[in-house]
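S.K.: Sequence first, predicted coordinates after that:
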Amino acid sequence: MSEGDWPLERTTALYKVIRQLHKQTRQDRVSRLRSIDLDADFVVSAFHSCRAPPMFANLRCGIWYVPPGLRDGTCYFKSTDGHSGSWDFSLSRLNAHIALAASERGRVMIVDATRRGKRFPDALSKTIPIWCCVFNRAVAALRASGGVDTAGARWERLALP
């Protein structure tokens with residue numbers, strides 16, 4: 001069937017469907033950008049409510065939500081380090097600067113995001129608690145052996161979330 005054989009009604013219907021799809025795609029993009037903007041506003045509000053702790057954006061998804069002027073740095077917590085059956089601590093992603101900031105200021109804020117329908121990103125609910133536990137146990141072992149100077153540091157305040 002050649003292009004000229006198509007009835008006018010089919011061509012018009014096809015055009016309307018394509019136009020509607022383009023319109024819907026455009027609206028989806030605008031909605032996503034609005035959602036990011038609202039979430040970023042929430043992050044700023046939480047930052048000020050928590051008395052401006054050092055704020056780090058997880059490079060996986062959190063970087064979108066943290067204004068560069070408020071960001072003390074970035075971190076890289078990968079959600080698969082905490083998935084069931086693969087409870088693991090990544091030596092290639094130590095994020096030691098986060099522990100140092102927490103010991104100096106007594107707290108940090110890590111921003112990450114997840115898809116719709118999930119309450120918390122896996123990095124926040126699984127990976128970071130494992131990371132906290134490993135760092136706390138390492139510091140406890142160093143303290144017990146007398147190998148760490150705790151003057152000025154607040155290691156005792158680091159704990160699982």
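M.R.: Structure received. Numbers count the residues shown, from 1 in each chain.
S.K.: longest helix in this protein, by residue count?
M.R.: Using DSSP state H, we find that the single longest helix of the chain is helix 8-49.
S.K.: State the separation between it and the centre of the chain it belongs to.
M.R.: Its chain's C-alpha centre and that of helix 8-49 lie 22 Å apart, by Cα atoms, centre = their mean, to the nearest Å.
S.K.: Also stretch 44-60?
M.R.: 11 Å.
S.K.: Each with direction, which strands does the helix or strand that the longest helix of the chain is followed by pair with?
M.R.: Per DSSP states H and E, helix 8-49 leads on to strand 55-58 as the next helix or strand towards the C-terminus. As defined by DSSP bridges, the strand partners of strand 55-58 come to strand 73-75 (parallel), strand 109-111 (parallel).
S.K.: Single out the most deeply packed of the ones you listed.
M.R.: strand 109-111 (a mean of 22; mean count of other Cβ atoms under 10 Å). In short, each C-beta sits where N, CA and C put it, glycine included.
S.K.: Just the residues contacting that strand, thanks.
M.R.: 43, 46-47, 50, 53-58, 62, 65-66, 75, 77, 98, 124, 128 (Cβ atoms under 8 Å, 6 or more residues apart in numbering).
S.K.: mean confidence score for whichever helix or strand comes after that strand?
M.R.: Per DSSP H and E, the first helix or strand lying C-terminal to strand 109-111 is helix 122. Mean per-residue pLDDT for helix 122: 78.
S.K.: Please apply the same query to stretch 74-94.
M.R.: Averaged across stretch 74-94, the pLDDT comes to 73.
S.K.: Can you measure across that stretch, start residue to end residue?
M.R.: 12 Å (Cα to Cα, to the nearest Å).
S.K.: Now do the longest helix of the chain: which elements does it pack against?
M.R.: strand 109-111 (3 or more Cβ pairs under 8 Å, 6 or more residues apart in numbering; DSSP states H and E).
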